[in-house]
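Q: Sequence and computational prediction follow.
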Amino acid sequence: MTRSKNTEKIFFTFYGTFIDTPEFGVIRIRHNTAIGVCMNSTESADKYGTIKFIIENCIDPYSATLEFDSTLTENNIKIIKSSDPRKTCFYFPGFIDTHIHASQYPNCGIIGDNSTLLDWLNTYTFPTEAALKHLPYASQVYYKVVSNTLRNGTTTASYFTTIDLDATKMMAKICSKLGQRAMIGKVCMDQNSPEYYIETCQESVDSLLKLINYINDELCDPLVKPIVTPRFAPSCSSDLMTEISKIAQKQSLHIQTHLSENFNEIKWVKELFPNCENYTDVYRQNGLLSRKTVLAHSIHLSNKEIDIIKQTHSGISHCPISNTTLTSGECPVKQMYLYGLDKIGLGTDVSAGYSCSILESARAAYSVSRHLSIKQNDPICKLTIKECLFLATMGGAKVLDMDQLIGSFEVGKKFDCQEIDLQSPQSTIDFFDWQVLGNSTVAKKEPQLDVQLGEFDTNEILSKWFFNGDDRNVVNVWVNGKKTSTV
Ligand SMILES: Nc1nc2[nH]cnc2c(=O)[nH]1
Ligand SMILES: [Zn+2]
């Protein structure tokens, strides 16, 4: 270890209670923990924002940082403490939204009581998306949706935009400016779409290539990546799907699309692609399934289709709010997990989903799984809080094939984090003295009480957050070690 002082080095050491879910169904709680993050601006992109040490049961985070690297000085260590004498603050990994339509944000909360997928697309969605060709509209919408997701603790999102190249470039720039880790997908669609919102196969391929070049060679932000985005099988010709899958393969890019969301959609796909065995096979035959493919919904799959998804290591984005509002169905997440399909994350699917919050989607996943359990009279269907929080973080990281990078707090991973305070100034969650103040004596002093009142343990605090929390409890958000701010 060198003893010379190095003023270029910058370390942020975060200190407090860290909670994450490294495996399905497992919650890890680490109190009094120091996490050191390398923030040297001179470091290469792969090192900047990376967790360098995690020290549990740490008394002094400053000394811990010096112990890790004795060449550091007071000037290049920043200690960030979650203030918590009240025991309701903790750090949690940033949420990962594996499926969100940035362009549909203006329609959040507008769906139509009787809408189902195909009529909803024509009535609400295509007109709204087409309007974002007008760049001043696109700018307003995209700033707001990125701000809203960040405010809700989403540090990584996989976005659909529209078919428009310039507006999509703008979205990539906005994500970069606001500091969100993002995949940006220009929607590709060359058939069965309204004449005001369609492109030819060649136009679609050309603008996809231009977007990839822009993001990779001009924007050059390691947090922002292009993602190949055929809308869904009905709106894509086989020619388009094969052309863009070749681009994805050649450049090792992610792919995202929709799969098996609605019964009329599935029937339509059967008619459009009679030579394919099933809906999933349409994507397989056209080269779209890889370990970097995100398949939104995937509700009504046969075991044969699940097998294809397993074999190709593709991931599923479960979008429970959208599946409820559009009455598409209940995705049997737990059963798929038990069947061995372990790449499942959560998507808000704005605006079929009315909320930008992955926490709200996690709650909806919990509820939908319980309704499925009632319907099938089988407790096996039920997801637990821990499992839902896994889907919201590590599950999403796996779906995006980024689980070596994000999703939990580990040395070598990026510091993507939200700080939660259940008693933040704006919080609507009520706590009582005996629940959190380390004051269980309050209860004991009441002789007439014959029930035991006591402090919540950390799992109960987590449960309070899961069911009652919202953006007012997200007090800070860091992506790649950098604190984000929104508009
Ligand atoms: N939920 C949803 N499903 C789709 N299938 C094709 N396009 C869409 C869309 O925009 N939203
Ligand atoms: Zn969608």
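A: Looks like it arrived, so ask away. Ligands and ions are numbered 1, 2, ... in the order given.
Q: Now do the contacts for whatever residue of the stretch 351-487 of the chain ends up closest to ligand 1.
A: Using Cβ to the nearest ligand atom, the single residue of the stretch 351-487 of the chain nearest to ligand 1 is residue 352, 3.9 Å away. From N, CA and C alone the C-beta is placed, and that goes for glycine too. Taking Cβ atoms under 8 Å, 6 or more residues apart in numbering, we find residue 352 in contact with 104, 111, 117, 120, 319, 321, 322, 325, 326.
Q: So which of those is the closest to residue 11?
A: Lowest distance from residue 11 to those (Cβ to Cβ) belongs to residue 319, with 38.7 Å.
Q: so how far is ligand 1 from the residue nearest to the closest one when sequence neighbours are not counted?
A: Counting by Cβ to Cβ, 6 or more residues apart in numbering, residue 319 lies nearest to residue 349, which is 3.7 Å off, once chain neighbours are set aside. Taking Cβ to the nearest ligand atom, to the nearest Å as the measure, residue 349 and ligand 1 are separated by 5 Å.
Q: Phi first, then psi, for residue 349.
A: Here the main-chain torsion angles of residue 349 (degrees, to the nearest 10) amount to phi 50, psi 40.
Q: since we're on it, how many residues are nearby?
A: With neighbours defined by other Cβ atoms under 10 Å, the count for residue 349 comes to 31.
Q: got the contact list for it?
A: For residue 349, counting by Cβ under 8 Å, 6+ apart, the contacting residues are 99, 100, 101, 296, 297, 317, 319, 321, 322.
Q: In strands, which of the residues you listed fall?
A: 99, 100, 101, 296, 297, 317 (DSSP state E).
Q: How about the residue of the stretch 101-250 of the chain found nearest ligand 2: what's its closest non-neighbour residue?
A: Using Cβ to the ion, the point where the stretch 101-250 of the chain gets nearest to ligand 2 is residue 101, with a distance of 5.5 Å. In space, not counting the residues next to it along the chain, residue 101 is nearest to residue 160; the distance is 4.5 Å by Cβ to Cβ, 6+ apart.
Q: now do residue 384
A: In space, not counting the residues next to it along the chain, residue 384 is nearest to residue 25; the distance is 6.5 Å by Cβ to Cβ, 6+ apart.
Q: Residue 11 now?
A: Once its chain neighbours are removed from consideration, residue 11 has its nearest residue in residue 77; the separation is 5.1 Å (Cβ to Cβ, 6+ apart).
Q: got the contact list for the one you found?
A: The neighbours of residue 77, taking Cβ under 8 Å, 6+ apart as the test, are 10, 11, 13, 62, 65, 66.
Q: quick one: which of these is nearest residue 217?
A: Taking Cβ to Cβ as the measure, residue 10 is the one of the contacts of residue 77 closest to residue 217, at 28.5 Å.
Q: Could I get the contacting residues of the closest one?
A: When contacts are counted by Cβ under 8 Å, 6+ apart, residue 10 is found next to 38, 39, 40, 41, 76, 77, 78.
Q: now do 7 Å
A: Residue 10 makes contact with 39, 40, 76, according to Cβ atoms under 7 Å, 6 or more residues apart in numbering.
Q: So how do I select the buried members of these in ChimeraX?
A: In ChimeraX, selecting the buried portion of these, with burial taken from 16 or more other Cβ atoms under 10 Å, looks like this:
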select :39,76
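Q: Make TSV out of the contacts of residue 10 and add distance to ligand 2, pLDDT and secondary structure.
A: Putting the contacts of residue 10 into TSV (distance: Cβ to the ion, whole Å; pLDDT from 0 to 100; DSSP: H, G, I helix; E, B strand; the rest coil) gives the following:
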residue	distance to ligand 2	pLDDT	secondary structure
39	35	95	coil
40	39	88	coil
76	44	93	helix
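Q: and of the contacts of residue 10, the nearest to residue 191?
A: residue 39 (48.2 Å).
Q: Give me every residue in the protein that's in contact range of ligand 2.
A: Contact residues (Cβ under 5 Å from the ion) of the chain with ligand 2: 296, 349.
Q: following the least confident helix or strand in the chain by mean pLDDT, which helix or strand comes up?
A: The helix or strand of the chain with the lowest confidence, counting by mean pLDDT, DSSP states H and E, is helix 441-444 at a mean of 57. Tracing the chain past helix 441-444, the next element assigned as helix or strand by DSSP states H and E is helix 458-468.
Q: Show me what the following helix or strand past that following helix pairs with in its sheet, parallel or antiparallel.
A: Heading C-terminal from helix 458-468, the first helix or strand you meet, by DSSP H and E, is strand 474-479. The sheet places strand 474-479 alongside strand 417-421 (antiparallel), strand 482-483 (antiparallel), with pairing taken from DSSP bridges.
Q: interface residues of the stretch 251-400 of the chain facing ligand 1?
A: 258, 261, 322, 349, 352 (Cβ under 6 Å from any ligand atom).
Q: what's the answer for the stretch 1-150 of the chain, then?
A: Taking Cβ under 6 Å from any ligand atom as the measure of proximity, the stretch 1-150 of the chain contacts ligand 1 at 101, 117, 121, 125.
Q: tell me the two of those that are most distant?
A: In terms of Cβ to Cβ, those reach their longest pairwise distance at 101 and 117, which sit 13.1 Å apart.
Q: Those two: who's more crowded?
A: Each of residue 101 and residue 117 had its neighbours counted (other Cβ under 10 Å), and the higher figure belongs to residue 101 (26 against 20).
Q: list the contacts for the more buried one?
A: By Cβ under 7 Å, 6+ apart, the residues touching residue 101 are 160, 350, 351.
Q: among the residues you listed, which are in strands?
A: residue 160.
Q: which of the contacts of residue 101 has the most neighbours?
A: Compared across those, residue 350 has the highest neighbour count, 31 neighbours, by other Cβ under 10 Å.
Q: neighbours around the closest residue to that residue other than its chain neighbours, how many?
A: Once flanking residues are discounted, residue 350 sits nearest to residue 100: 5.0 Å by Cβ to Cβ, 6+ apart. Under the neighbour criterion other Cβ under 10 Å, residue 100 is assigned a count of 28.
Q: Okay, and the beta partners of residue 100?
A: Beta-bridge pairing of residue 100 under DSSP bridges involves residue 159.
Q: that older thread, turn the residues of the stretch 1-150 of the chain next to ligand 1 into CSV, columns for pLDDT and distance to residue 227.
A: Rendered in CSV, the data for these read as follows (pLDDT from 0 to 100; distance: Cβ to Cβ, whole Å):
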residue, pLDDT, distance to residue 227
101, 98, 13
117, 97, 22
121, 98, 20
125, 98, 19
